[in-house]
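[1] return atomic coordinates for the entry below.
(chains A and B, ligands or ions: 2)
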Amino acid sequence: MKRLLLQHIDVPGIDTLSVYREHGGYKALEKALKDMKPDDITEEVKKSGLRGRGGAGFPTGLKWSFLAKPEGVERYLVCNADESEPGTFKDRFLMSKIPHALIEGMIVSSFALGAKTSYIYIRGELLYVYHILEKAIAEAYDAGLLGKNIMGSGYSLDLYVHPGGGAYICGEETALIESLEGKRGNPRIKPPFPAVKGLWQSPTVVNNVETISAVPHIVNMGGDAYAAIGVGKSTGTKLISACGHIKKPGVYEIELGLPVEEFLFSDEYCGGIRNDKKLKAVVAGGSSVPILPGELFLKTANGEPRLMSYESLSDGGFATGTMLGSGGFIVMDEDTSVVKNLWNFTRFYHHESCGQCSPCREGTGWMEKVLHKFLEGHANMNDIDLLWDIQSKIEGKTICPLGEAASWPVASAIRHFRSEFEDYVKNPQKIKDVKHYYRVNNLDPVIN
Amino acid sequence: MPDNYTGYKMDTNNTNINFSEEALQLMHKIMRRYPEGRQKSAILPLLHIAQAESEGWLSAPVMDKVAEILKVQPIEVYEVASFYTMFNLKPVGKCVIEVCRTGPCWLLGAEDIVKFIERKLNIKEGETTADGMFTLKTVECLASCGSAPMMQVGEKYHEHLTCEKVDELLDDYRVNTNEHISHWAKDKIKA
Ligand SMILES: Cc1cc2nc3c(=O)[nH]c(=O)nc-3n(C[C@H](O)[C@H](O)[C@H](O)COP(=O)(O)O)c2cc1C
Ligand code: FES
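    Numbering: from 1, shown residues only, chains lettered A, B, ... in the order given. Ligands and ions are numbered 1, 2, ... in the order given. Below is the predicted model of the structure:
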């Protein structure tokens, strides 16, 4: 298996500059500064087919080429290290184990974009990782890899880490920018897009940790070689954070295009379902993406084996497919109550709605209340339609996609598990008897 | 909407707020990271440091002090502090236990962990023990779902929890905690 980001993850001391350099670290920066022009780097990133790893999968090279470059105006690169999508824990893993991978990526990418100051916005709960990054940044300054005239190239860059304060919404890029400006994390109306008016009204690129960490590999190996990894338009490798009822939860780097069956059941990855239970459902890309029943997850509606790729996971649209999203892979076994889990997710979105848009602020609360009726055994058949109605009135009617993120789990649960809702209406005791959660005693986690 | 918005109470008794010399130096160092005239950006890191310096919570005078340092209006600090869940706007125990309650942790027993702590400490979620030692909070996904169930105390993640493990951890904290534990660790302010 081709591993790029996690290739040296097990090397002792890889969090230090010296060991990172012994293993090829900062070679890409040297190459970029000595042999390439900023636009050459963007060109290689375009060729690589790299797509944003934060969730939306937007082509990174294309995003970079949209950056406005008016004379005399600062431009900024901001790294999105807010990682708060339930099920997603890859960025935390990467930053805490190999902080220099992100820092090298930030310097190379900032050079490509012509940024003189860049920020890493890390969620506040990860203050211990903030300090790891600060230490690594200090090492890089001392070695002349940051600051004035980096490696004698004439290019200068300042890089800072900025902690958030606890708010999922700040992962949305315009909310993140507001937060970085020292305000409440209220998303902005787009357009203007950050590429034109972002941080302090200057042109800004926001990219995920994993996206930026992939850039040095693209510079080293060339865009074409990176594009040769993976399948179709899903190029390169992707970090998948796997959790839930599996034998081996952890962070795995996969080549995009790996069959989902292999990922879920082989011992190299998730190792199958815990306690040898049966698979019930999978949320493949973070809590926001549609939930799929096991069968539809393993095979598309046409009966083809599904692959871990942007295209294959979304095959069938929302009727029978889902999304790769952020790579937060949540597995549920046969004992799981999809309805109960949905209530939990909906409570999350209700709690995290910033409150600007009525459909999201009110709708998420209504959905939570209706779902709570199922838990309490008071729900009736009309409540299923009511839920459907509410979610359909949030989707597409809000400033930012948190509204959709809250709607899709509800819509997909009703679409694929309507009978479970109905069953709880008819047999209210059933949901109370669900042995849904059980303490973990003997689970040996494996971080790959 | 963040819960803590409703818990906000003005505290007008305590107006002599002084942060330590190290904390002030760190605050000013951080403020220099933003372009001239954009110092307001430092509000979140400054609030973290202020909270670490103020027994784990932000009173109105503490926030006023931050506003003074940043040269912004107090309301600009209040409206930010009330938006983000990490800031406590009411006094808290020395040890704030934050148990993740979101899907992946919940699928693996987070609810049992919360119930266990409630029983052991004889408090409900959101409450503080009478001796001022522990506050129990539930929080949303902390990006540690592969090690579920989990909880955070200060900057530290405690993962793969079982009730037995939590039992030991709490006993440990009870014996070894002398001052408030904050997200921004105290030794990282002095360094
Ligand atoms: C509610 C919400 C939360 C988000 N959270 C994150 C996050 O935690 N990390 C992240 O990288 N992107 C997150 N995103 C996506 C960002 O808005 C943005 O698309 C991304 O940072 C772009 O980087 P990329 O192109 O490298 O993926 C979130 C989006 C929404 C709507
Ligand atoms: S759900 Fe608890 S850490 Fe993610």
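[2] could you give the residue of the stretch 101-250 of chain A that lies closest to ligand 1?
    residue A:171 (2.1 Å; Cβ to the nearest ligand atom). Backbone N, C-alpha and C define where each C-beta goes, glycine included.
[3] gap between that residue and ligand 2?
    Applying Cβ to the nearest ligand atom, to the nearest Å, the value for residue A:171 to ligand 2 is 14 Å.
[4] how many neighbours does the nearest residue to that residue once chain neighbours are set aside have?
    Closest residue in space to residue A:171, ignoring its immediate chain neighbours: residue A:82 at 4.0 Å, by Cβ to Cβ, 6 or more residues apart in numbering or on different chains. Counted with other Cβ atoms under 10 Å in any protein chain shown, the neighbours of residue A:82 add up to 28.
[5] below-threshold pLDDT in chain B: ranges please.
    B:1-15, B:191 (pLDDT under 70).
[6] sorry, back to before: tell me the pLDDT of the residue of the stretch 101-250 of chain A closest to ligand 1.
    For residue A:171, the pLDDT comes out at 98.
[7] hmm, it is touching residue A:79, no?
    No: at 11.9 Å, residue A:171 does not count as touching residue A:79 under the criterion of Cβ atoms under 8 Å.
[8] distance between the lengthiest helix in chain A and the chain's centre?
    If you go by DSSP state H, chain A has its longest helix at helix A:402-426. Taking the mean of its C-alpha atoms, helix A:402-426 sits 23 Å from the chain's own mean (Cα atoms, centre = their mean, to the nearest Å).
[9] same question, stretch A:55-69
    Here stretch A:55-69 shows a centroid-to-chain-centroid distance of 16 Å under the convention Cα atoms, centre = their mean.
[10] that stretch near chain B anywhere?
    No: taking Cβ under 8 Å from any Cβ of the partner chain as the criterion, stretch A:55-69 and chain B are apart, separated by no less than 13.8 Å.
[11] what sits against the most centrally placed residue in chain A?
    Central residue of chain A (Cα atoms, centre = their mean): residue A:326, 2.8 Å from the mean position. The contact partners of residue A:326, by Cβ atoms under 8 Å, 6 or more residues apart in numbering or on different chains, come to A:53-55, A:85, A:87-88, A:90, A:208, A:285-286.
[12] also residue B:169?
    Contacts of residue B:169 (Cβ under 8 Å, 6+ apart): B:153, B:158.
[13] name the residues of the helix or strand encompassing it that come out as buried.
    Counting by DSSP states H and E, the element that carries residue B:169 is helix B:163-176. Residues of helix B:163-176 classed as buried by neighbour count (16 or more other Cβ atoms under 10 Å in any protein chain shown): B:163, B:165-166, B:169-170, B:173.
[14] please state the offset of it from the chain centre?
    Averaged C-alpha coordinates place helix B:163-176 at 19 Å from its chain's average position (Cα atoms, centre = their mean).
[15] ditto for stretch A:5-12
    Relative to its chain's centre, stretch A:5-12 lies at 21 Å (Cα atoms, centre = their mean).
[16] what of stretch A:347-367?
    Counting by Cα atoms, centre = their mean, stretch A:347-367 is centred 21 Å from the centre of its parent chain.
[17] now stretch A:140-160: mean pLDDT?
    Per-residue pLDDT over stretch A:140-160 has a mean of 98.
[18] for it, measure first residue to last.
    12 Å (Cα to Cα, to the nearest Å).
[19] tell me which helix or strand the residue nearest the centre of chain B sits in.
    Centroid-nearest residue in chain B: residue B:86, 4.9 Å away (criterion: Cα atoms, centre = their mean). Per DSSP H and E, residue B:86 falls between elements, in no helix or strand.
[20] roughly how far apart are it and ligand 1?
    For residue B:86 relative to ligand 1 (Cβ to the nearest ligand atom), the value is 16 Å.
[21] next, the closest residue to that residue other than its chain neighbours: secondary structure please.
    Ranked by Cβ to Cβ, 6+ apart and with sequence neighbours excluded, the top spatial neighbour of residue B:86 is residue A:166, at 3.7 Å. Of the three states, residue A:166 takes coil according to DSSP: H, G, I helix; E, B strand; the rest coil.
[22] tell me the contacts of residue A:166?
    By Cβ under 8 Å, 6+ apart, the contact set of residue A:166 is A:123-125, B:84-87, B:139.
[23] can you show me the strands along chain B?
    Along chain B, the segments classed as strands by DSSP state E run B:95-100, B:134-139, B:151-153, B:156-158.
[24] go through those strands and pick out the most buried.
    Mean neighbour count, computed with mean count of other Cβ atoms under 10 Å in any protein chain shown, is highest for strand B:95-100 among the strands of chain B, reaching a mean of 25.
[25] from the contact counts, what lies against it?
    Here strand B:95-100 touches helix B:110-121, strand B:134-139, strand B:151-153, going by 3 or more Cβ pairs under 8 Å, 6 or more residues apart in numbering or on different chains; DSSP states H and E.
[26] could I get these as a markdown table with distance to residue A:20?
    Putting the helices and strands packed on strand B:95-100 into a markdown table (distance: least, Cβ to Cβ, whole Å) gives the following:
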| stretch | distance to residue A:20 |
| --- | --- |
| helix B:110-121 | 36 |
| strand B:134-139 | 33 |
| strand B:151-153 | 28 |
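[27] for ligand 1, give me its nearest residue in chain B.
    residue B:143 (8.6 Å).
[28] ok, that residue touching residue A:88?
    Yes: judged on Cβ under 8 Å, residue B:143 makes contact with residue A:88 at a distance of 6.5 Å.
[29] now the residue of the stretch 201-350 of chain A found nearest ligand 2: closest residue in space, sequence neighbours ignored.
    Nearest residue of the stretch 201-350 of chain A to ligand 2: residue A:243, at 7.2 Å (Cβ to the nearest ligand atom). Spatial nearest neighbour of residue A:243, chain neighbours left out: residue B:145 (4.0 Å); criterion: Cβ to Cβ, 6+ apart.
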